[in-house]
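Student: here are the coordinates; sequence isn't available:
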């Protein structure tokens with residue numbers, strides 16, 4: 001199938017050709033036609049599936065073909081983070097090279113003056129984060145009463161970040177008659193409740209469930225103590241000669257600490273998170289995309305919109321508490337047919353998170369047991385089942401276990417007791 005088979009207009013096809021888009025992804029194949037037909041959409045798709053083009057292309061086409069009779073905003077795209085809003089905006093800019101559909105990007109963390117100026121020029125599409133959008137609405141700079149197309153992207157992340165009340169305030173200002181496109185990586189009960197309140201007889205699209213990870217990504221797991229994680233990170237980056245890696249931490253402070261430590265070791269790195277200024281975030285992203293920056297250390301919220309071509313490595317410096325987040329993280333590599341590697345560091349305290357991930361992805365992630373910072377407790381856990389089998393072997397005539405096996409069982413008995421706690425993870 002080609003994009004022309006989806007009945008996209010010639011200006012869009014030319015722009016797609018220049019961008020090197022050869023054929024539509026599964027979600028684009030399933031979503032573009034019903035959107036062009038005016039249907040509401042519930043799309044379940046993880047990051048990296050091409051869903052931005054899936055909703056942006058048909059919306060751009062309909063706005064381009066439908067004459068504008070006033071200065072009203074006709075389409076609203078809500079995104080959870082500044083980075084994702086910027087990424088969507090950049091894509092729209094590229095897709096609309098040969099169609100006249102002006103758009104404005106609105107997000108917090110920067111002065112609103114430039115955004116006010118762009119709004120005064122007039123726009124068909126607004127790409128926005130909820131907080132800044134509400135601020136500008138309350139100040140009278142934005143009206144949503146003429147919206148024809150409403151896109152809620154990464155709805156699960158919106159709810160995770162506590163935006164539900166802001167979203168409801170925005171929705172209350174939208175007209176009843178509109179086309180709604182709802183995208184989420186998960187279909188949790190609260191997500192479905194929100195979707196059901198917005199969508200009318202929607203087309204349901206499910207592409208690559210969140211529990212799946214592409215075979216293009218080689219996954220590995222390193223067991224290590226918390227105090228040795230930064231040493232292991234430096235060892236892996238140098239030993240594997242990694243020149244382009246996205247490293248995930250759970251906290252903003254942790255991201256800063258890891259980046260600072262890498263720079264001290266001569267590995268050029270920067271952190272990106274919600275406390276960074278917008279200029280600093282954009283500078284770090286630009287450096288990472290053009291590979292003048294070797295390592296970008298990010299929190300999950302800040303990294304949601306990071307899209308880098310042919311990223312070779314994703315490193316989970318800390319295991320995410322939510323299993324689905326693991327899939328989103330490693331999905332930053334292995335994109336568009338390229339291969340990638342996902343490396344995870346796990347401490348004793350993070351074993352329960354790792355167990356949930358193994359259960360979700362339904363596969364055993366390869367454990368690297370030979371590295372300079374491996375912990376004995378994990379080696380014991382990995383061999384715990386073997387030790388238990390040895391204990392069950394037939395007794396000798398003296399009524400005791402085989403002497404060699406018995407010595408093996410008694411050795412490091414305390415370690416074995418601790419290992420039983422973790423062995424179910426393997």
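Tutor: Yes, it's here. Given the structure is predicted, the values throughout are model-derived calculations rather than measurements.

Student: going forward, measure contacts and count neighbours with C-alpha atoms only.
Tutor: Will do.

Student: helix, strand, or coil at residue 76?
Tutor: strand (DSSP: H, G, I helix; E, B strand; the rest coil).

Student: kindly apply the preceding question to residue 182 instead.
Tutor: Secondary structure, three-state DSSP: residue 182 is strand.

Student: how far away is the residue nearest the centre of the chain from residue 314?
Tutor: Centroid-nearest residue in the chain, with C-alpha atoms, centre = their mean: residue 328, separated by 3.7 Å. From residue 328 over to residue 314 the distance is 11 Å, taken as C-alpha to C-alpha, to the nearest Å.

Student: next one: residue 308
Tutor: 11 Å.

Student: overlap in contacts, those two.
Tutor: Common contact partners of residue 308 and residue 314 (C-alpha atoms under 8 Å, 6 or more residues apart in numbering): residue 332.

Student: which one of the two has more residues nearby?
Tutor: Between residue 308 and residue 314, counting by other C-alpha atoms under 10 Å, residue 314 is the more crowded of the two (26 against 17).

Student: so which helix or strand takes in residue 108?
Tutor: Of the helices and strands defined by DSSP states H and E, none includes residue 108.

Student: need the contact list for it.
Tutor: Contacts of residue 108 (C-alpha under 8 Å, 6+ apart): 82, 129, 131-132.

Student: could you do residue 224 as well?
Tutor: Applying C-alpha under 8 Å, 6+ apart, the residues near residue 224 are 345-347, 373-375.

Student: got the buried residues for stretch 147-158?
Tutor: Residues of stretch 147-158 classed as buried: 147-158 (neighbour count, 16 or more other C-alpha atoms under 10 Å).

Student: could you do stretch 4-15 as well?
Tutor: Neighbour-count burial for stretch 4-15 flags 6, 8-9, 11-13, 15 (criterion: 16+ other C-alpha under 10 Å).

Student: do the same with stretch 251-261
Tutor: Buried, per 16+ other C-alpha under 10 Å, within stretch 251-261: 252, 254-256, 258-261.

Student: which strands and helices sit next to whichever strand or helix holds residue 354?
Tutor: In this assignment (DSSP H and E), residue 354 forms part of helix 351-361. Applying 3 or more C-alpha pairs under 8 Å, 6 or more residues apart in numbering; DSSP states H and E, we find helix 351-361 packed against helix 323-330.

Student: how far is stretch 167-182 from where the chain is centred?
Tutor: 25 Å (C-alpha atoms, centre = their mean, to the nearest Å).

Student: same question but for stretch 193-202, I mixed them up
Tutor: 24 Å.

Student: span of that stretch from start to end?
Tutor: 14 Å.

Student: so for that stretch, mean pLDDT?
Tutor: Mean pLDDT, stretch 193-202: 93.

Student: and it, what's buried?
Tutor: By 16+ other C-alpha under 10 Å, the buried positions in stretch 193-202 come out as 194-195, 198-199, 202.

Student: of the residues you listed, which belong to helices?
Tutor: If you go by DSSP state H, those have 194-195, 198 in helices.

Student: the nearest residue to residue 357 once chain neighbours are set aside and residue 350, how far apart?
Tutor: Residue nearest to residue 357 in three dimensions, not counting chain neighbours: residue 323, with 4.8 Å by C-alpha to C-alpha, 6 or more residues apart in numbering. Separation of residue 323 from residue 350 (C-alpha to C-alpha) stands at 12 Å.

Student: so for the two, which sits in the more crowded spot?
Tutor: Between residue 323 and residue 350, counted using other C-alpha under 10 Å, the more crowded position is residue 323 (20 against 16).

Student: return the residues in contact with the more buried one.
Tutor: 353-354, 356-357, 360.

Student: about what we covered before: give me the distance between the residue nearest to the centre of the chain and residue 45.
Tutor: Distance from residue 328 to residue 45, by C-alpha to C-alpha: 11 Å.

Student: circling back: out of the buried residues of stretch 4-15, flag the one nearest to residue 278.
Tutor: Of all the buried residues of stretch 4-15, residue 15 has the smallest distance to residue 278: 28.9 Å, by C-alpha to C-alpha.

Student: distance between the ends of stretch 63-74?
Tutor: Per C-alpha to C-alpha, stretch 63-74 runs 8 Å from first to last residue.

Student: quick one: contacts of it?
Tutor: By C-alpha under 8 Å, 6+ apart, stretch 63-74 touches 99-101, 122-126, 143-144, 146-149.

Student: would you turn these into CSV with distance to residue 189?
Tutor: Shown next, in CSV, are the contacts of stretch 63-74 (distance: C-alpha to C-alpha, whole Å):
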residue, distance to residue 189
99, 39
100, 40
101, 36
122, 38
123, 35
124, 33
125, 30
126, 28
143, 31
144, 28
146, 30
147, 27
148, 27
149, 25
